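S.K.: coordinates only, no sequence provided:
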């Protein structure tokens, strides 16, 4: 056993793979999922399904009060902002990962976990500042000084493409049909938002049959 | 006008003084208060009173779901943990200020504020790691890299004692009788918890008549 670890789980392929991978590495994984007022609240349900499948205890933290801040700021939390089909500023939820990581570090401190993992990866790093190595390294420093501990903050797949992550998850028997990517949170994946397009592309690149049922 | 600033307001003397001070400095102040499951939820009401008195728009963010994490971890959020009369580990809410600051940075990004202020001060710095200069300086770095902006994170009174802050507030006509410090959140300040004792001591040191009505 490598001790306790916190994994931030969004129900998507990247963070689900991190959770499986870290568990396989021998950590006692404790999951955290967040309802932050996202339109695709459904992703929390998928985080629960994945956690349940891999026997990971999961706490769901209700941050829906953040809608007060995010409404008007990001299409992910405001139905009146049109959802773009490729990356645009308006799909960024500013500093979101820091909010999640701060809570994860606090939780780690409470239960004696030595490390916090999240699913930042290489494809996202060019668009989302809080997915970059520079961010999580400086954040780790602030976590160490802010808790007076040696806590680590890691993104094990930060240098990998989404397609490479899918291949790792495939070897871990991760049932990707149980994951959720779509920003819209409808009955099926829309197949048109940035996140659905990245999902489709990654399965194609990985040479893995995409098990997702898309609207289009 | 020096532009928009976010101030984290807890309803206590330190953060209330920061809010007044920063407003006097010419910033357009936007306040944030947090319900994080603290026993003294009453402090949020005092943050509202102070904000109202100084015409500062205040958003109250409901983080009470964090009780799931803080219960068992800190006497401030768990009535079953006895409240100590002097500093002990069990009154630390681990990494709390980082959670608040992350949300404040996100809010700053959303409304175009260039700086986030919080009430960390010199007396607390020796006990609470997330009140230290090293913490908020590294946090600022992570905020800049995680938002791709030049956002600043500052604690204007980090080098000052609580008694010095009270003197600053007195000059700004801050009505300290409207502030709240007690961790217990009863009808009156208990007069016995660490926070009440610090409050009493600071008024005495500052040579200012303490307007607080204590139980004992």
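M.R.: Noted; the coordinates are in hand. This one's a predicted model, so the numbers in the text were calculated from it and none came from an experiment.

S.K.: parallel or antiparallel, list what pairs with the longest strand anywhere in chain A.
M.R.: Secondary structure of chain A per DSSP state E: the longest strand is strand A:28-35. According to DSSP bridges, strand A:28-35 forms sheet pairs with strand A:4-8 (parallel), strand A:58-62 (parallel).

S.K.: what is whatever helix or strand comes next after that strand packed up against?
M.R.: Next helix or strand after strand A:28-35 toward the C-terminus (DSSP states H and E): helix A:42-53. Helices and strands touching helix A:42-53, by 3 or more Cβ pairs under 8 Å, 6 or more residues apart in numbering or on different chains; DSSP states H and E, are helix A:13-24, strand A:28-35, strand A:58-62. For glycine as for every other residue, the C-beta is placed from the backbone atoms N, C-alpha and C.

S.K.: related to what we said a few turns ago, now the longest strand of chain A: buried residues?
M.R.: A:29-35 (16 or more other Cβ atoms under 10 Å in any protein chain shown).

S.K.: and the strands paired with strand A:28-35, which is most packed in?
M.R.: Highest mean neighbour count among those (mean count of other Cβ atoms under 10 Å in any protein chain shown): strand A:4-8, with a mean of 25.

S.K.: for chain B, what are the nearby residues on chain A?
M.R.: For chain A, the contact set with chain B under Cβ under 8 Å from any Cβ of the partner chain comprises A:59, A:61-63, A:65-66, A:68-70, A:72-73, A:93-99, A:101-103, A:105-107, A:109-110, A:129-130, A:132, A:134-135, A:138-139, A:141-143, A:145-148.

S.K.: report pLDDT for residue A:84.
M.R.: Among the per-residue scores, residue A:84 holds a pLDDT of 88.

S.K.: repeat that for residue A:107.
M.R.: 97.

S.K.: now do the closest residue in space to it that isn't next to it in sequence against residue B:172, distance only.
M.R.: Spatial nearest neighbour of residue A:107, excluding adjacent residues (Cβ to Cβ, 6 or more residues apart in numbering or on different chains): residue B:69 at 4.8 Å. Distance, residue B:69 to residue B:172, by Cβ to Cβ, to the nearest Å: 36 Å.

S.K.: who has more neighbours, those two?
M.R.: residue B:69 (27 against 15; other Cβ atoms under 10 Å in any protein chain shown).

S.K.: name the SS class of that one, please.
M.R.: helix (DSSP: H, G, I helix; E, B strand; the rest coil).

S.K.: where are the low-confidence patches of chain A?
M.R.: By pLDDT under 70, chain A has no low-scoring segment.

S.K.: which residues touch the residue nearest to residue A:107?
M.R.: A:59, A:61, A:103, A:106-107, A:110 (Cβ atoms under 8 Å, 6 or more residues apart in numbering or on different chains).
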